[in-house]
Each structure stands twice: as structure tokens, then as C-alpha cells.
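Novice: can't give you the sequence, but here's the structure:
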Ligand code: PBG
């Protein structure tokens, strides 16, 4: 036998043979496209740190959703930019809230397009935190504690109002303890026992959310989110978070952000049998866009490799601002 004994290159010789042995494939069926909905009419404002991503008002939303449906993307994730904010985020659970209105509109136009509702308060509170806060002054600075159990009632109200508006999936992203159990009970009681919960189980306190906070105008006005979102240094803690969500009745688990946390995706895939979601977040999008605009990278190749990496790491579903682009690329083929 000649040297080398094993020739790995035999299976890489041609497009055909590489296709035969390919282990991971991307399909449009796995994508969820996030959309930002704002009040007003005729709005289509590009988010400066996220080129190609816009705020839409209810009227301009129509064209965007049509494009998403035509591309075969099965689901959208809605974020709302409300007209007014207050300390408890009441526009998060108002019947005429922006997300509720957008949900009704989308479902009436395209009943088969899945609407995923992000259940959180930070876009709707004047302080920008994901729950109710108790504020106080210390050394002349405003400080605050995010109140866990008090916030749960508001989050349940939000989830139920989203389900009433027609949301197909409830995706709580607030990181309060017990949110899955509370929301499950609230949905069941309101007659929505068939609505699944896609839990943001493992959500890190990440700088990769920076552009989103500009897009959603949701940066915390004091403090940060480190008392409720996870420390990026921890992975055993991620297993504990996921475990309690499973026990509380979550139907899908999520890891967020994705790129810097591929090991966490893999770990959850190996330890749990629920469908797993990767959230390819705003900062991950902006970095690629900026480098591509500079001509430093090949956007299509980079995005394809990133999304493939998330699937290879164990994700079944990917939430990504690149969903429309990736769907187009998949349609165009090689
Ligand atoms: C709401 C929420 C955030 C994101 C999704 N849901 C922001 C945050 O936690 O600060 C971030 C999404 C992204 O960066 O693309 N809590």
C-alpha cells in the first residue's frame, strides 16, 4: 500500500461527491426573520447600524411580509417600537399595542406565515429594563432592582395578549425566573394550551445586542442587564437554565447570541431533546455588513458559513436578520 494510506481528498474531488457526503445543509424551512414594527404611516426607516433592516409601520409592513412569504420563509419574529413608554411597559400588553396590531394584520394577510412574538418589556418601559423595577438613589445616582415575581404578571399579560392577537408561538426573552411556568399557566388558562413556548432559555448579557438596542430604542436607562441575563463566562449555568425551562414546560430552547456561544449550542443539543434555536443577533449582523461594505469579506460566503456553523453546532432553527438574503441565495443555488 502506498503512502498515505488514507486519502481524505478522495471524497472532496468534485461538486457531486462533496454534495453526496455533505453532513449539514441549510434550508429556508429553518429560518425566522425578525421585523421591527413602529407606529405611524409610510414609515420605512433604515436602522443606521443595521443596513438593510428597517422600521416598518403597519402599512409598509405589507410589502415586506409579502416578500418574506414569496421567499418561502416560514416565520417572522416581531419587535415593537411603541408610541409611548411607561414604567410598567403597558403598551406591551395593550390590545391596540403595536405588536398586537401587526400580528392581526399579518395573520389576516397570510394565515400560514407563523408569527413569533417576543415576550419582553424592555421595548415598552421608559427605563428600558425587561421587567418592573424598584428605583432608588445611591450617591446621587439613580439605581434600580428588577423585580422578578412582580414582572411575571406583566409578562403573562403580554403573552396572553399576543396569543389573542393571533401569535402562533410565544418567545419570552426577559430572563426572569419562572417565566416559562407562569406564561404556560397563563396561556392555558386563557384557552391557548396549543400555543408553543420558544424559550430564550440561555440568553447572555451580551454586547452583541448593541445595534438592536438602537433599533428598538431599548437600552437600559440605568444599570445593565447583568442581574438577569447570563454571564458569558458560564456554561454549566446554561444547563441549569435550560433544565428549569424544560421542567416548566418549554417547547423549544434557545441560545443567544449564537456566534460566540457555539459550544453552548452543542452542549444543549447533546443534553436535551427539544428543538433548539440559535439567535444570530444584531451585532453579528452589523459586523458582517460593515466588513462587507468595506469590501473586506465576501458577504454571501461568510453568512453561509456562519449559518451552517450554527446548524452544525446543533441548531434546528435560526433566527437571523440575514433570512431573506440566505433564502435568496439558497434559491439561486451554487
Ligand atoms: C428583548 C430582546 C433583545 C434582543 C432580542 N429580544 C435585547 C436585549 O435583551 O437587550 C436582542 C436581539 C438582537 O440583538 O438582535 N429583551
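Specialist: Nice, I can see it. These numbers come from a predicted model, not from an experiment. Residues are numbered from 1 along each chain as shown.
Novice: Tell me the residues of the stretch 101-250 of the chain that contact the ligand?
Specialist: Selection of the stretch 101-250 of the chain residues close to the ligand by Cβ under 6 Å from any ligand atom yields 118, 120, 122, 130, 173, 209, 212-213. In this view, the C-beta of every residue, glycine as well, is placed from N, C-alpha and C.
Novice: Just these: which are in strands?
Specialist: Using DSSP state E, residue 118 are the members of those that sit in strands.
Novice: Reformat the residues of the stretch 101-250 of the chain next to the ligand as CSV; add pLDDT and neighbour count.
Specialist: Shown next, in CSV, are those (pLDDT from 0 to 100; neighbours: other Cβ atoms under 10 Å):
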residue, pLDDT, neighbour count
118, 97, 25
120, 96, 28
122, 94, 25
130, 94, 28
173, 95, 22
209, 96, 23
212, 94, 25
213, 91, 17
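Novice: I'd like to know which of the residues of the stretch 101-250 of the chain next to the ligand is nearest to residue 43.
Specialist: residue 212 (18.1 Å; Cβ to Cβ).
Novice: Just give the nearest non-adjacent residue to that closest one, would you?
Specialist: Nearest residue to residue 212 in three dimensions, chain neighbours excluded: residue 282, at 3.8 Å (Cβ to Cβ, 6 or more residues apart in numbering).
Novice: Same check on residue 72?
Specialist: Leaving aside its sequence neighbours, residue 72 sits nearest to residue 28 (Cβ to Cβ, 6+ apart; 4.7 Å).
Novice: In contact with that neighbour, which residues are there?
Specialist: Residue 28 makes contact with 71-74, 326-327, 330-331, according to Cβ atoms under 8 Å, 6 or more residues apart in numbering.
Novice: Repeat the analysis, applying 7 Å as the threshold.
Specialist: 71-73, 327, 330 (Cβ atoms under 7 Å, 6 or more residues apart in numbering).
Novice: low pLDDT regions in this protein?
Specialist: 1, 334 (pLDDT under 70).
Novice: Go again with 90.
Specialist: Filtered on pLDDT under 90, the chain yields the residue ranges 1-2, 135, 140-144, 214-218, 223, 333-334.
Novice: Could I get the buried residue list for stretch 228-248?
Specialist: Residues of stretch 228-248 classed as buried: 228-230, 238-239, 241-242, 244-246, 248 (neighbour count, 16 or more other Cβ atoms under 10 Å).
Novice: How much space separates the residue nearest to residue 72 from the ligand?
Specialist: 20 Å (Cβ to the nearest ligand atom, to the nearest Å).
Novice: repeat for residue 7
Specialist: 44 Å.
Novice: Give the burial count for that residue, as a bare number.
Specialist: 9 (other Cβ atoms under 10 Å).
Novice: can you give me phi and psi for it?
Specialist: phi -110, psi 100 (degrees, to the nearest 10).
Novice: One more: residue 41?
Specialist: phi -130, psi 150.
Novice: The protein: strands as residue ranges?
Specialist: 31-38, 44-47, 50-56, 75-81, 114-119, 132-138, 141-147, 169-172, 198-203, 252-256, 276-280, 317-320.
Novice: Make JSON lines from those and add distance to residue 191 to it.
Specialist: Formatted as JSON lines, the strands of the chain follow (distance: least, Cβ to Cβ, whole Å):
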{"stretch": "strand 31-38", "distance to residue 191": "25"}
{"stretch": "strand 44-47", "distance to residue 191": "36"}
{"stretch": "strand 50-56", "distance to residue 191": "30"}
{"stretch": "strand 75-81", "distance to residue 191": "21"}
{"stretch": "strand 114-119", "distance to residue 191": "17"}
{"stretch": "strand 132-138", "distance to residue 191": "26"}
{"stretch": "strand 141-147", "distance to residue 191": "28"}
{"stretch": "strand 169-172", "distance to residue 191": "14"}
{"stretch": "strand 198-203", "distance to residue 191": "20"}
{"stretch": "strand 252-256", "distance to residue 191": "21"}
{"stretch": "strand 276-280", "distance to residue 191": "26"}
{"stretch": "strand 317-320", "distance to residue 191": "26"}
